[in-house]
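>>> Attaching a predicted model along with its sequence, questions to come.
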Amino acid sequence: MKRLLEAAIENNREWTKKGNVATYIPELSKANKEHLGVAVYTIDNEEYYAGDCDVKFTMQSVSKVVALMLALLDNGKEYVFSKVDMEPTADTFNSISSLEKRNPNKPLNPMINSGAIVTSSMISGKDGSEAIERILKFTRKITNNPTIDINYDVYKSEKETGDRNRALAYFMKSTGIIEGSVEDALDVYFKQCSIEVTCKDIARIGAMLANDGVMPWSGERIIPRQIARIVKTIMVTCGMYDASGEFAVRIGIPGKSGVGGGILASVPGRMGIGVYGPSLDAKGNSIGGLKVLEELSRELDLSIF
Ligand SMILES: NC(=O)CC[C@H](N)C(=O)O
């Protein structure tokens with residue numbers, strides 16, 4: 001396995017030259033475009049890694065998986081899906097248009113920005129800071145890494161430039177989809193996106209999901225099997241935004257990308273995979289990361305279909 005991962009990095013590092021790091025959140029533009037790393041964590045507690053697997057990056061949209069799990073734990077699926085749908089999208093991850101066109105005005109799914117701001121707004125806590133503390137605590141637990149924290153430079157950078165997300169959130173407040181404070185919801189969202197991880201950390205989240213909600217390293221159940229199932233299904237249909245269909249055909253496993261360059265993948269009953277490569281394709285997915293996953297899927301016969 002170790003050799004397979006090393007080969008996947010070596011064979012695909014070239015691809016990183018063909019994409020670009022995200023610049024619309026200025027702090028993200030400081031990433032090294034050629035970085036590429038991968039980690040695998042099996043449900044039998046074996047860990048393998050290769051390449052730039054210790055480089056820290058911010059979760060960005062990978063955090064939408066974490067927020068969805070907590071929102072489901074806190075509120076139950078009926079309430080969550082009364083506010084956000086579970087349908088894939090052919091629009092970009094920060095699209096505004098479908099919010100107004102659809103009736104009722106629910107965001108399409110919890111993996112795009114509008115839907116994720118809603119799930120963040122549902123996380124229990126007396127205010128935004130209590131909600132983000134709960135997200136951090138939960139993230140530390142499901143990564144088995146107590147040192148995980150927020151990168152405040154990225155947070156500030158996103159907060160300063162996050163007008164598009166502000167527009168989505170205020171629109172959703174006007175339609176009653178967001179019930180509480182919009183600014184609190186946005187602050188939770190910006191902070192959760194700025195949680196810093198390595199691909200080893202996200203591989204462990206993937207392993208917990210692959211193991212139906214039980215953390216393989218401790219045997220402790222952290223989420224009910226049904227929540228693990230819902231989250232993995234939404235990752236398959238919506239996790240790569242408007243590239244989810246192609247990802248399902250080429251790779252065929254639940255996955256969630258972020259513009260920080262991470263992709264969290266989960267192979268049911270087998271393993272979690274974390275990849276990192278900040279050079280992105282036109283749809284905002286890690287260009288080298290996708291190629292690494294494609295090679296692993298082929299070599300290890302990972303597709304669930
Ligand atoms: N696709 C992403 O990773 C988007 C997350 C980013 N923080 C944003 O809201 O724009």
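Arrived safely.

>>> So which residues on the stretch 101-250 of the chain come close to the ligand?
Listed as neighbours of the ligand in the stretch 101-250 of the chain under the rule C-beta under 6 Å from any ligand atom: 113, 158, 165, 193. Quick note: C-beta positions are derived from backbone N, CA and C, even for glycine.

>>> quick one: pLDDT of the last one?
Looking at Cys193, its pLDDT reads 98.

>>> Please apply the same query to the third one.
Asn165 carries a pLDDT score of 97 in this model.

>>> again, but for Thr92
In this model, Thr92 carries a pLDDT of 87.

>>> can you check Val182 too?
Reported pLDDT for Val182: 96.

>>> Run a quick check on it versus Ala169, I expect a contact.
Yes: contact criterion C-beta atoms under 8 Å: Val182 and Ala169 qualify, at 4.9 Å.

>>> What about Thr89? Give its phi and psi, please.
Thr89 has phi and psi values of phi -130, psi 150 when expressed as degrees, to the nearest 10.

>>> now the one 3 residues further on
Dihedral angles phi and psi of Thr92 (degrees, to the nearest 10) take the values phi -70, psi 170.

>>> In helices, which of the residues of the stretch 101-250 of the chain next to the ligand fall?
Residues of those located in helices (DSSP state H): 113, 158, 165, 193.

>>> can you tell me which residues contact the first one?
Right, the one you point to is Asn113. 61, 93-94, 164-165, 168 (C-beta atoms under 8 Å, 6 or more residues apart in numbering).

>>> will you turn those residues into CSV that also has neighbour count and distance to Ile287?
CSV is the format used below for the contacts of Asn113 (neighbours: other C-beta atoms under 10 Å; distance: C-beta to C-beta, whole Å):
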residue, neighbour count, distance to Ile287
Ser61, 27, 16
Phe93, 25, 16
Asn94, 18, 19
Arg164, 13, 23
Asn165, 21, 24
Leu168, 27, 26
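
>>> Asn109: which of the residues you listed is nearest?
Taking C-beta to C-beta as the measure, Asn109 sits nearest to Phe93 out of the contacts of Asn113, at 10.4 Å.

>>> Just say helix, strand or coil for that closest one.
State at Phe93, reduced to three classes by DSSP: H, G, I helix; E, B strand; the rest coil: coil.

>>> tell me the contacts of it?
Counting by C-beta under 8 Å, 6+ apart, Phe93 has contacts 61, 111-113, 241-242, 284.

>>> What's the separation between it and the ligand?
Applying C-beta to the nearest ligand atom, to the nearest Å, the value for Phe93 to the ligand is 4 Å.

>>> and if you look at Val80?
On the measure of C-beta to the nearest ligand atom, Val80 and the ligand end up 19 Å apart.

>>> helix, strand or coil for that residue?
Val80 - assigned by three-state DSSP - is helix.

>>> Let's see which of the contacts of Phe93 end up in strands.
Assigned to strands by DSSP state E, none of these qualify.

>>> wait, which of these is closest to the ligand?
Ser61 (3.1 Å; C-beta to the nearest ligand atom).
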